[in-house]
Structures are given as structure tokens and as C-alpha cells.
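Engineer: Pasting the sequence and the predicted coordinates here, then a few questions.
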Amino acid sequence: MVFKMKNLIFFLYIMTVAANKGSVSFSGTNVNIHCSEPGADLKKGEETFGNSRLTPYQDSDPAKLYHCMRTLDENGEQVEDPEKYLAFYIKAKVCENCYDIDGSLIVAAIFADLFITGGIIIMVYAYGQRKSGPAPQKPTHPRRNVTPSASPASQEYQSLSEVNRSKDLYSTVHKTG
């Protein structure tokens, strides 16, 4: 049931978008309202602006309601009772230095970053493979032992007497295992 309901909502959304032909775009502090159907005029109250209007907008402005009205029929003759077919309720926050970023621009930047990073990784790998020299070879004759072999305990050193020996915690070695 949920799947069917989602399809119905999606279908109604498509039909609504296809039926209403008009657009609103923001650029800096300007609002551009456009009725794209031929023979339509943009109205705000009693004012008529033609097919589109570019107007400055500020955050402090109250919400504005614009209507697209059919004023001409298919033959280009004036309609006596124009009907509203599209309404724009405009309340927005605008700023001078703002830019509208499209989602495709963000996706393109992410993919470009991935390709550049992958290219650098491949270059470093290829350069590292070329720079590594041959494996070190084993020496042909064994190395001579420079240090003398372990000699038995010498009598040159005396062991500490029990009186002089420290009884601190870490002063003795305990063999484990």
C-alpha cells in the first residue's frame, strides 16, 4: 500500500509540474518572476507587468503574491474574464554576495577531486616502482665476529657484600618463565 501511495503522490507531482509553467529565480537581491505560457501576464493586485518581472527584493519586504493570468486566447484576442492559472507566493531571504550553487556542480567537484586524487596515487605508485633498486644481495663470505667471545666471569670484580647491597624494589632481577 505504501509503494502504491508513493507512486500516486509522485504521479500527481509530475502532473502538477507539467501543468504549471512558470518560474521564479533569485539573483543577488533581485527576483525574476516569469509566466512562460503564451498570452499570460503577471499581476500583483491590480498591477500588470507583462510576461515577466525583475524586481529588487529585501529581507524586510512583506510576502508578495503574484498571479499569472491568461489575458489572450489561442488566437491572440483579448480574454474578457482572465483566469488565474498560476500563483507565486514570494517570501525569501536574499543577500548581495550570495551564490546559488547547483547540486550538479557539487557532484562534479567531488568526482573531479576523486579523479585527481586517484591520478596522484597512481603516479606515486608508478614512480615508486621505478625508483626501487634491486633487492640487496647476500654477502658471499660470512661476516667476522668483531667482538671477542663471551669469557668466563672474571675475578677482577668483587661481588657486593650484603651490607652494601641495596634492598630497593627494582634493585634485583627476577627471572620469570
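Structural biologist: Nice, I can see it.

Engineer: what mean pLDDT would you report for whichever helix in the chain runs longest?
Structural biologist: Ranked by residue count and defined by DSSP state H, the top helix of the chain is helix 103-131. The predicted model assigns helix 103-131 a mean pLDDT of 92.

Engineer: Which secondary structure elements does that helix sit against?
Structural biologist: Packed against helix 103-131, as judged by 3 or more Cβ pairs under 8 Å, 6 or more residues apart in numbering; DSSP states H and E, are no other helices or strands. C-beta: built from backbone N, CA, C; applies to glycine.

Engineer: For it, buried residues please.
Structural biologist: Of the residues in helix 103-131, none is buried by neighbour count under the rule 16 or more other Cβ atoms under 10 Å.

Engineer: Next: stretch 89-104.
Structural biologist: Per 16+ other Cβ under 10 Å, stretch 89-104 contains these buried residues: 90, 94.

Engineer: okay, how far is it across that stretch, tip to tip?
Structural biologist: End-to-end span of stretch 89-104 (Cα to Cα, to the nearest Å): 27 Å.

Engineer: So, low pLDDT: which residues of the chain?
Structural biologist: Scanning the chain for pLDDT under 70 picks out 1-20, 39, 51, 59, 73-84, 100, 131-135, 142-155, 177.

Engineer: and if we set it to 90?
Structural biologist: The model of the chain has pLDDT under 90 over residues 1-103, 105, 126-177.

Engineer: in it, which spans are strands?
Structural biologist: Here the chain has its strands, by DSSP state E, at 22-27, 30-35, 40-44, 47-48, 52-56, 64-70, 84-90.

Engineer: Domain map for the chain?
Structural biologist: Domain assignment of the chain by automatic domain parsing yields the ranges 2-90, 100-130.

Engineer: Pick the most deeply packed of those.
Structural biologist: domain 2-90 (a mean of 13; mean count of other Cβ atoms under 10 Å).

Engineer: Residue 28 contacts residue 94, correct?
Structural biologist: Yes. Residue 28 is within contact range of residue 94, at 7.1 Å (criterion: Cβ atoms under 8 Å).

Engineer: Distance to residue 166 for the domains of the chain - can I get that in JSON lines?
Structural biologist: Listed next are the domains of the chain as JSON lines, based on distance: least, Cβ to Cβ, whole Å:
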{"stretch": "domain 2-90", "distance to residue 166": "80"}
{"stretch": "domain 100-130", "distance to residue 166": "54"}
